[in-house]
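Colleague: turn this into a model:
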Amino acid sequence: MSAYCWASWRGAALMKMKKNKLIILLTLLCTALSYSACNNSDGIPATVTFTEHVAPILYNNCTLCHRPGGSAHFSLVTYDECRKNAGACAYVAKERIMPPWPADPHYTQFVGQRILSDHDIRILQLWASEGAPEGPKDKLIALPAYPVGSEIGTPDLRIPVQPYLLPANSIDKFLLVKVPFLLPADTFASLIEFIPGHKNVVHHVNGDMVKYQFDKKADVFAGERIVNMVEDTASLLQAFQKLGLPNDDGTYPVLQKSVVNYLPGAVGQKYPEGIGGYFLPRKGAFLLNDLHYGFTNKDEVMDSSYINIFFAKSPPKRPVQEFQLGTLGVAPVEPDLIIQPDSIKHVSSHFTVPFDISVLTINPHMHLLGKTFKAYALQPNGDTIRLISIPRWDFSWQYFYTFKKMVKIPKGSTIVAEGIYDNTRQNLNNPFSPPQLVRDRNGSMKATDEMFQFIITYLPYEQGDENISLETK
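Modeller: From the prediction side, this is the model:
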């Protein structure tokens, strides 16, 4: 073999050896990286069990509703209950249908938000795919202690609402309800909570408080308790008289608006001591000016709702205030909320704040045609303050969203709320088939009409508000 051929062969052999070594090295490196990624980055165990891995996820995120006495229609407490629903849990978690939290957590963060991590979703998927093994029984954590008859805690006083027998119906029912009370003395409340007796039919409540001067009303319990605004009376004034709301001399007492409210998924807002709260007169009544019952196909449903009162240790130093954009609000819906059949409609509402405010809680509101909702504030310097984004509106879950800390909106900023409505056949929530013209009928609460509202609970700004935590125990 010539020197030239020998050199060429030797060079090729050396290159092949180096290439093989490189392949082996890369293979080992990739194996190590793959092993590390699978076992360290997401912390997924080799075997997923109910007692060790799944129960903590469900107990922390799901059993608030999915338990005996909860609002959901089935329980996820015991192993057998969860095993039967393993596939369903994995699916609704992956699709982020459950736990219900419509607000986009990447846009803004709120108190008490229930959002599963990618890790938790992967755990539920693996558990279902592996046959839902139980695991060691002694590893099962205790179920959280939930308050009975409240979403908040143990109330100081519970006042029953007049029971109402709801027959099978295919239309909304709107009642005006008086809930009178007589206390030993004037006092204060930190929170007033409405609890529906039958959550499947109570859609929402807007409640005010009637404040009587003690010597102007002899009997706060006189008069009717329930008036059907459609069937029983022709006017609001006539309804007030039937309920016995006027003072004994025919004048009317003070009415404090928006004291007790309820929406599906909503929980009463409890703020730090000294913020919010209400003065409770010795003689008074809660006026549920919209107790809205939805549809039911059962022959009869008895609803026995009630109101919980949590007393305050001292008078509120900073009572909260409220305003709303959109329907019946401080700023109109633009353009008008008239949604033609087979159409998509974009609307908005704009309001410029006249002084610095500190926002605590916000509540977006739409009905069945709603598809998306977004709100933000544009400051005078052009900067944007994010408030909320709901990319997939869900009529069934309409929360009062409380910020983790108060959000300052400076004087001269414009609050903007934007909504999209879908009145097409593709909207599975459309109440009409084929689609019909739907509009805002002067604030009608009927689910088949539409609304566009953005309700803001706020305080006049004080220095340092933006540093006050609103997360209460």
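
Colleague: from here on, contacts and neighbour counts on C-alpha atoms
Modeller: Noted.

Colleague: pull stretch 388-396 out as PDB, backbone CA atoms only.
Modeller: Only the C-alpha atoms of stretch 388-396 are listed here, as PDB (Å, rounded to 0.1, in the frame of the first residue of the first chain):
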ATOM      1  CA  ILE A 388     -59.700  41.700  33.900                       C
ATOM      2  CA  SER A 389     -59.800  39.600  30.800                       C
ATOM      3  CA  ILE A 390     -62.300  36.800  30.300                       C
ATOM      4  CA  PRO A 391     -61.500  35.100  27.000                       C
ATOM      5  CA  ARG A 392     -64.400  32.600  27.300                       C
ATOM      6  CA  TRP A 393     -67.400  34.000  29.000                       C
ATOM      7  CA  ASP A 394     -69.400  31.600  31.100                       C
ATOM      8  CA  PHE A 395     -72.900  32.700  32.100                       C
ATOM      9  CA  SER A 396     -72.900  30.000  34.900                       C
END
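
Colleague: who touches that stretch?
Modeller: Outside of stretch 388-396, the residues within contact range by CA atoms under 8 Å, 6 or more residues apart in numbering are 102-104, 107-108, 264-265, 366-368, 370-376.

Colleague: so how do I select the buried members of those residues in PyMOL?
Modeller: Buried residues among these (16 or more other CA atoms under 10 Å), as a PyMOL selection:
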select buried, resi 102+103+264+366+367+368+370+371+372+373+374+375+376
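
Colleague: which ones among the contacts of stretch 388-396 map onto strands?
Modeller: Among these, the members falling in strands are 370-376 (criterion: DSSP state E).

Colleague: what residue ranges in the stretch 351-473 of the chain are flagged as low confidence?
Modeller: In the predicted model of the stretch 351-473 of the chain, residues 473 satisfy pLDDT under 70.

Colleague: just say helix, strand or coil for residue 466.
Modeller: Under DSSP: H, G, I helix; E, B strand; the rest coil, residue 466 falls in the helix class.

Colleague: next up, the contacts around it.
Modeller: When contacts are counted by CA under 8 Å, 6+ apart, residue 466 touches 358, 405-408.

Colleague: just name the closest of those residues to residue 116, please.
Modeller: residue 405 (22.1 Å; CA to CA).

Colleague: show the contacting residues for the closest one.
Modeller: 360, 465-471.

Colleague: residue 280 now?
Modeller: Residues near residue 280 by CA under 8 Å, 6+ apart: 186-189, 211.

Colleague: show me those that map onto strands.
Modeller: 187-189, 211.

Colleague: which pair of the contacts of residue 280 spans the longest distance?
Modeller: 189 and 211 (13.7 Å).

Colleague: so which of the contacts of residue 466 comes closest to residue 250?
Modeller: Once CA to CA is applied, the member of the contacts of residue 466 that ends up nearest residue 250 is residue 358, at 39.5 Å.

Colleague: now residue 435, nearest residue through space, not along the chain?
Modeller: residue 341 (5.0 Å; CA to CA, 6 or more residues apart in numbering).

Colleague: pLDDT score assigned to the one you found?
Modeller: Residue 341 carries a pLDDT value of 98.
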